[in-house]
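Enquirer: Just need the structure, nothing else, for what follows:
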Amino acid sequence: MEIRQDDLRGPEIRALLEEHLSHMRAVSPPESVHALDLDKLRQPDISFWTVWKGGDLLGCGALRALSSTHGEIKSMRTAEAHRGRGVARAVLNHIVAEAQARGFERLSLETGSMQAFAPAHRLYESFGFTRCEPFGDYAPDPNSLFMTKRL
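Expert: Alright, predicted model coming up:
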């Protein structure tokens with residue numbers, strides 16, 4: 001697997017992010033979908049990476065700087081055909097390492113609270129993330145689970 005910084009212009013990443021947004025809308029009420037579209041992911045406070053094997057896009061993930069000491073994981077997604085192969089673990093490992101290299105003291109995330117998100121919960125917990133209160137601009141939401149990790 002090769003992890004690359006991505007400019008979000010290729011058709012493969014566009015399709016994967018459309019799949020991501022469609023899935024989020026299918027399993028979460030509209031007011032609880034916090035996934036970002038392409039334009040919102042192209043902001044200067046967000047770094048975005050894709051994972052490739054040869055010409056196949058396996059997955060993606062992003063790091064958003066909330067402050068000089070606090071980062072947020074965004075847009076973690078593994079392509080359906082590549083689930084269960086360690087793609088998400090590789091992306092998360094990369095994002096955590098990047099957050100540490102930038103001097104962040106804390107890394108947080110929002111994910112769904114429903115059963116469909118149980119694999120994500122297990123992955124984040126395996127990296128030492130624990131449940132927390134909403135952070136940043138998030139409000140309490142029964143459909144959201146907030147997690148954080150001290151770096």
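
Enquirer: residue ranges of the strands in this structure, please?
Expert: Per DSSP state E, the chain has strands spanning 2-5, 46-53, 56-65, 70-78, 106-112, 130-131, 144-150. These are given in chain order.

Enquirer: which strands and helices sit next to the first one?
Expert: Applying 3 or more CB pairs under 8 Å, 6 or more residues apart in numbering; DSSP states H and E, we find strand 2-5 packed against strand 46-53, helix 87-101. Using the backbone N, CA and C atoms, a C-beta is placed for each residue, glycine as well.

Enquirer: Just send these back as JSON lines, with mean neighbour count, distance to C60 and mean pLDDT too.
Expert: Converted to JSON lines, the helices and strands packed on strand 2-5 look like this (neighbours: other CB atoms under 10 Å; distance: least, CB to CB, whole Å; pLDDT from 0 to 100):
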{"stretch": "strand 46-53", "mean neighbour count": "19", "distance to C60": "5", "mean pLDDT": "96"}
{"stretch": "helix 87-101", "mean neighbour count": "18", "distance to C60": "7", "mean pLDDT": "97"}
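
Enquirer: Now these in a markdown table, please, with extra columns for distance to H121.
Expert: Written out in a markdown table, the entries for the helices and strands packed on strand 2-5 read as follows (distance: least, CB to CB, whole Å):
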| stretch | distance to H121 |
| --- | --- |
| strand 46-53 | 21 |
| helix 87-101 | 12 |
